[in-house]
Structure formats: C-alpha cells, structure tokens
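Undergrad: sequence first, predicted model second:
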Amino acid sequence: MTTTPQAVRRASPRTRRAATPPDPARPLLPDAEPVRLLDKSGTPLPARTDYPEPPVEVLRELYRRMVLGRRFDTQATALTKQGRLAVYPSSRGQEACQVGAVLAVRDSDWVFPTYRESMALVARGIDPVEVLTLLRGDWHCGYDPTEVRTAPQCTPLATQCVHAAGLAHGEAYQGRDTVALAFIGDGATSEGDFHEGINFAAVFKAPVVYFVQNNRYAISVPLSRQTAAPSLAYKGVGYGVPSEQVDGNDPVAVLAVLTRAVAHARAGNGPFLVEAHTYRMEPHTNADDATRYRDGAEVDAWRDRDPIARLETYLRARGVLDDAAVAEVAEQAEAYAADLRTRMNDQPSVDPLSLFDHVYAQPTPQLIEQREQVRAELAAARDEEGDA
Ligand SMILES: Cc1ncc(C[n+]2csc(CCOP(=O)(O)OP(=O)(O)O)c2C)c(N)n1
Ligand SMILES: [Mg+2]
C-alpha cells in the first residue's frame, strides 16, 4: 500500500508526533566515525567548526613533547634490560594520546594516570626519575601528588575512575573550577570501578574527562573478546554522559577533542567520555611476548599510522617546522635520555620499613604486625652480617 499526500494530510497530529519522537540519547552519542583532522599521511582534512585546530605554537610544542616522550619511552625499556627498572609498560605508538591529553589540561587541574602513562607524566613536566620510582620498585610513588596535582600511577585497573570522580566533585563543591582527567585502558572499561566512577560523576555533574585509550589489547585479550559494544565511547550514553571518538594517532584531533571535552567539564556540564582509537606498538610490558597472540602484519599496518611522523609532515608542509628545528628537538631528546640514564645509575638508599608508611592514615593491625616482622628480619640479617 502506498501513502497518498491526502493520507499524510489526514493523519492526526498525534500520529505525526509519534513518527518523529525526540531522541534524548542523540546528543550524548559520539559521531559514528572518530574525529580526524589529519589523514594517515599528515595531509589536513576539511576543517571542522566543532573542533577548531589548536594554535600552531601549541602544535609545535606537542611535536616536541612527543619526540621527547618517545625517547624517554625507549630509554625506559632499555633500563629494564640493564636491571635498573623492575618493569616498564611502553606507550610507544600512543604519543598523540599521552601528550595531547596532558596539553589539554592546566597545571592546576588534576591528572589520574595508570601504569601506562609514564610518558604523559613526563610530558606534564614531572621529573622522569620520580616518574620511574614506582616501576623501579623503590616506593609507591616518586613524586608528591599534591604538588604536581597528579595522582600516583594506578595498577589496580579502573580504581582511578572513582578517585577522579571524588576529587572533581570535591573541587566543584568548594567552588573551584578544577577538571580531573582520568586515563583508562580499553580493558579497564569492563571493570566495575569504571562504571561506578562515571555514574557518580554524571549524577553529581563532577567535572571529569574520562579518556579511554583503546590500544586494542588488554595484555593478550583483543578488543573483540573485551566488548560487544559498537564503540567504547557508547558506554557514556547509559550514564547520561556525552562522548566522542577520536583517531588516537592524529595528534591534532586528539588535542582538539580533549580541549573541547575539558571545556565542557570546566563549564559545569558534568563529565565527558572520549575514546581514542590507537595501538600499543610494544608488548604489554617488557615481561610480555606479544608475538604469542598477535600478528606482525597487524603491527606493521599501525606503524604506517605513526603519530609523530604524521604531525611532522603536517607542520613541515605548513612551513612551521624545518630540518634545523627537527634536529634541535632530536638533540634535546638525546640529552634528556642521557641525563635519565646517568641519574638512574645512582642506587637510591631506601628504608624498607617506609613501605608501610602512608598506606592508611591509621595503620591496620595487620600492617603493624607485618612491619614488626620485617623490622625483626632486618635486625636478624644485620646481626648475621656482624657475626660474619
Ligand atoms: C583489578 C585488576 N585486575 C586485573 C589486573 C591485571 N592487569 C594488569 S594490566 C591488565 C590489562 C589492562 O588492559 P587495558 O585496560 O586495555 O590497558 P592497557 O594495558 O592496554 O593500557 C590487566 C588485566 C589488574 N592490574 N587490576
Ligand atoms: Mg588496552
């Protein structure tokens, strides 16, 4: 049966309204395609009014910190081979996300990193030796979190999502416009704490940006075994949180999308969720063998989307980066790595008993007992040395 124009005219106003119900979820949903401002080769795509391109000086600084970040990352991996670091989770290939996200927030904002975010922390200006203290196994955290407004790197998955919601709510409650930026992996979005954190933040309109780096793997578990969702960004809609997807290997797009997400949160609109599509080029950590669960051809395909090369090509084409500037940044990166190597050769003296400090404001009876056990064992070892 075909519908005549008369039939349409005769339809009751009620029927016509029912045919186009407003969809309250629509403004929360991400674009079907990830936001991209540069193509794979670094050629600019048509400009978008919703995501204006960041100023060129900021893009040059983004490039510089990405190059330094990658050099820091390769140096840290080398330090594991020399026994200077216990473990290192590389973020090679994720430079656009690590640095772009950090450049989108202010020093006065708070960052909530995971074990993957060492590069983001050095991009935030934290001393690299302090960043690596946890991974060297010396202390819970090498920097003063309140001084640099950066929480300790979280190893228990997704717990930082709850911390970020609490901190952001507290700051807003006290009338400050601080934003909390919480980094999270694709795998960790399956954890309860992710859902609890984002739900709390949404209900209380806490200014948190949840930044999911979808690097396609949670150790050996690929995304296809992690979720049946069409995109991890869709996880926002169920909580009433607007979200966006971005090409996580496009540094310009990452910075543009994060800048808008941070502005949204700072303006009092509540949390925002961003999913960046990227790839972990290295194994999960130096202790992992990625060849056991993924194909070299897959890794090679992502090598073609290198975020640093992409930005370099773009900035050169715009005439704001030349051979001399590239060489200068490379030199800075070498000096940075050399300084890190030298300082990581110093063996710090750590009091083993300090391990028990600051775990709880009031230590639990179990901790007091364990502390006493360690103290007795250390004393016995000293006596033995004395006898020998
Ligand atoms: C609560 C909890 N469960 C399990 C682990 C073990 N674990 C460490 S890293 C990891 C994978 C996380 O993957 P993803 O969230 O994608 O982050 P990525 O390592 O890729 O950055 C797992 C399961 C953990 N650290 N914490
Ligand atoms: Mg992952």
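TA: Everything's here; your move. Ligands and ions are numbered 1, 2, ... in the order given.
Undergrad: ok, residue 72 touching residue 122?
TA: Yes: in terms of CB atoms under 8 Å, residue 72 counts as a neighbour of residue 122; the distance is 5.2 Å. Any C-beta I mention is one placed from the backbone N, CA and C, and that applies to glycine too.
Undergrad: shared neighbours of those two, which are they?
TA: residue 128 (CB atoms under 8 Å, 6 or more residues apart in numbering).
Undergrad: list the residues that contact the closest residue to ligand 1 within the chain.
TA: At 2.2 Å from ligand 1, residue 185 is the closest residue in the chain, using CB to the nearest ligand atom. Shown in contact with residue 185 (CB under 8 Å, 6+ apart): 114, 116, 157, 212-215, 218.
Undergrad: adding distance to residue 300, write the residues you listed out as CSV.
TA: As requested, the contacts of residue 185 are exported to CSV (distance: CB to CB, whole Å):
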residue, distance to residue 300
114, 27
116, 22
157, 29
212, 25
213, 21
214, 19
215, 16
218, 22
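Undergrad: most surrounded residue in the residues you listed?
TA: Using other CB atoms under 10 Å as the neighbour criterion, residue 213 leads these with 30 neighbours.
Undergrad: just checking, what packs against the helix or strand containing residue 335?
TA: Counting by DSSP states H and E, the element that carries residue 335 is helix 323-345. Contact here means 3 or more CB pairs under 8 Å, 6 or more residues apart in numbering; DSSP states H and E; on that basis helix 323-345 packs against helix 56-81, helix 128-136.
Undergrad: in JSON lines: those helices, plus mean pLDDT.
TA: Listed next are these as JSON lines, based on pLDDT from 0 to 100:
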{"stretch": "helix 56-81", "mean pLDDT": "98"}
{"stretch": "helix 128-136", "mean pLDDT": "96"}
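Undergrad: any chance of those helices in JSON lines, plus distance to ligand 1?
TA: What follows is these, written out as JSON lines (distance: least, CB to the nearest ligand atom, whole Å):
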{"stretch": "helix 56-81", "distance to ligand 1": "13"}
{"stretch": "helix 128-136", "distance to ligand 1": "13"}
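Undergrad: of these, which is nearest residue 308?
TA: Nearest of those to residue 308, taken as CB to CB: helix 56-81 at 5.2 Å.
Undergrad: state the mean pLDDT of stretch 249-259.
TA: Taken as a whole, stretch 249-259 has an average pLDDT of 98.
Undergrad: got the CA coordinates for that stretch in PDB?
TA: Only the C-alpha atoms of stretch 249-259 are listed here, as PDB (Å, rounded to 0.1, in the frame of the first residue of the first chain):
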ATOM      1  CA  ASN A 249      47.100   8.600  16.200                       C
ATOM      2  CA  ASP A 250      46.100  12.000  15.000                       C
ATOM      3  CA  PRO A 251      47.800  14.400  17.400                       C
ATOM      4  CA  VAL A 252      45.900  17.500  16.200                       C
ATOM      5  CA  ALA A 253      42.500  15.800  16.500                       C
ATOM      6  CA  VAL A 254      43.300  14.300  20.000                       C
ATOM      7  CA  LEU A 255      44.200  17.800  21.300                       C
ATOM      8  CA  ALA A 256      41.200  19.400  19.700                       C
ATOM      9  CA  VAL A 257      38.700  16.800  21.000                       C
ATOM     10  CA  LEU A 258      40.300  16.800  24.500                       C
ATOM     11  CA  THR A 259      40.300  20.600  24.600                       C
END
